[in-house]
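Engineer: Compute the structure for the input listed below.
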Amino acid sequence: MSCAKIDPALHQAQKPPWIKVRLPSNPVFFSTKALISDLRLHTVCESAQCPNRWECWSHGTATMMIAGERCTRACGFCAVTTAKPFDLEEDEPQRVAEAVRRLKLKHVVITAVSRDDLKDGGAEHFARTIRAIRAMDPSIVIEVLVPDFHAQEWCIHLVLDAAPEIFNHNLETVERLTPAVRSRAKYRTSLQVLRRAKELSPDIVTKSGVMLGLGETESELFQAMDDLREVGCQVLTLGQYLRPTPNHLPVIDYVTPEQFDLYGDIARGKGFAHVASGPLVRSSYHAADFHPVVR
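Structural biologist: The predicted model follows:
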């Protein structure tokens, strides 16, 4: 399959009326923002400019981003800063656990920047964060959204040994577009990460996500679904790619809500236990809806 190049200067598709985000007015939004600032934490909501951060923070939820806010990769879709990272903060796991306690979360999503500068890619930091939350409240459902760790089994095992309920690693796009969309990442490497997680921990729920609107074809999307099912992936999110800045990849097309519904039905027909499919769906959006899968 040939490698695609996506020129950021390409014409940006006009944003349709169904891509709407309400600005915050709920006082809970501001209290959530203050809590995160008080504990000196980073969230993917802010760093990746998630369109749902107003809604999620207004409901007192946020996706914690550990290991700093500087990423060693420069993916064409992502707004997280690419720069030499700072050293890990040893007390960050405890601060995350405190945020989970104050927010009274029952389902928490922990993600991280890619840390190719670290031998373990930040895997042990994930494990320490999981254990800190467990020590605070063992009943909380913990979902991790991890980088690829270059598919090193020992790194995957470090995370799994801390026993999160859900292990999420995003495929992000179809195989043909991966070289243009994902810095240093490889499509087959991501599939291998999900495969090994399931092999090492058969009872864990594995999850992945794909962005639409980058120029993929339907047949390529369906192949990606099949590839994910072949490695045992149980939960799938499908959402619309939105360009964070003019320096990022353009939106080639906007998928209609009706088409998202159809893709969701097709994914369920392929055997995914849970599918979230819609223009504003993101990996951690309404993540607690997946509780029936892990209970």
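Engineer: Report how many residues lie close to residue 257.
Structural biologist: Close neighbours of residue 257, defined as other C-beta atoms under 10 Å, add up to 14. All C-beta atoms are positioned from the backbone trio N, CA, C, and that covers glycine.
Engineer: That one against residue 18, yeah?
Structural biologist: Yes - between residue 257 and residue 18 a contact is recorded at 5.6 Å, counting by C-beta atoms under 8 Å.
Engineer: Now for the two: what residues contact both?
Structural biologist: residue 279 (C-beta atoms under 8 Å, 6 or more residues apart in numbering).
Engineer: what's in contact with stretch 261-275?
Structural biologist: 205, 212, 221-222, 225-226, 228-229, 233-238, 255, 276-278, 289-290, 292-293.
Engineer: so residue 238 sits right up against residue 210, yeah?
Structural biologist: Yes - Residue 238 sits in contact with residue 210 when judged by C-beta under 8 Å, with a separation of 5.6 Å.
Engineer: Kindly provide the distance from residue 211 to residue 107.
Structural biologist: Separation of residue 211 from residue 107 (C-beta to C-beta, to the nearest Å): 23 Å.
Engineer: Which one's more surrounded, those two?
Structural biologist: Between residue 211 and residue 107, counting by other C-beta under 10 Å, residue 211 is the more crowded of the two (26 against 20).
Engineer: Secondary structure element for that one, which one?
Structural biologist: strand 205-212 (DSSP states H and E).
Engineer: for that strand, packing partners?
Structural biologist: Judged by 3 or more C-beta pairs under 8 Å, 6 or more residues apart in numbering; DSSP states H and E, strand 205-212 is in contact with strand 166-168, helix 187-200, helix 218-230, strand 235-240.
Engineer: residue ranges with poor pLDDT in this protein?
Structural biologist: Across the chain, the ranges flagged by pLDDT under 70 are 1-12, 21-33, 35, 38, 41-62, 285-295.
Engineer: Show me where it has its strands.
Structural biologist: 42-43, 64-66, 70-71, 81-82, 107-112, 141-145, 166-168, 205-212, 235-240, 274-277 (DSSP state E).
Engineer: Export the ones you listed as JSON lines, with columns for distance to residue 250.
Structural biologist: As requested, the strands of the chain are exported to JSON lines (distance: least, C-beta to C-beta, whole Å):
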{"stretch": "strand 42-43", "distance to residue 250": "26"}
{"stretch": "strand 64-66", "distance to residue 250": "25"}
{"stretch": "strand 70-71", "distance to residue 250": "21"}
{"stretch": "strand 81-82", "distance to residue 250": "19"}
{"stretch": "strand 107-112", "distance to residue 250": "25"}
{"stretch": "strand 141-145", "distance to residue 250": "25"}
{"stretch": "strand 166-168", "distance to residue 250": "27"}
{"stretch": "strand 205-212", "distance to residue 250": "13"}
{"stretch": "strand 235-240", "distance to residue 250": "13"}
{"stretch": "strand 274-277", "distance to residue 250": "22"}
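Engineer: Isn't residue 88 up against residue 67?
Structural biologist: Yes - Residue 88 is within contact range of residue 67, at 6.1 Å (criterion: C-beta under 8 Å).
Engineer: Can you pull the residues that touch both of these two?
Structural biologist: Common neighbours of residue 88 and residue 67 (C-beta under 8 Å, 6+ apart) are 122, 125.
Engineer: Compare those two and say which one has the larger neighbour count.
Structural biologist: Neighbour tally, residue 88 and residue 67, criterion other C-beta under 10 Å: the higher count belongs to residue 67, 24 against 16.
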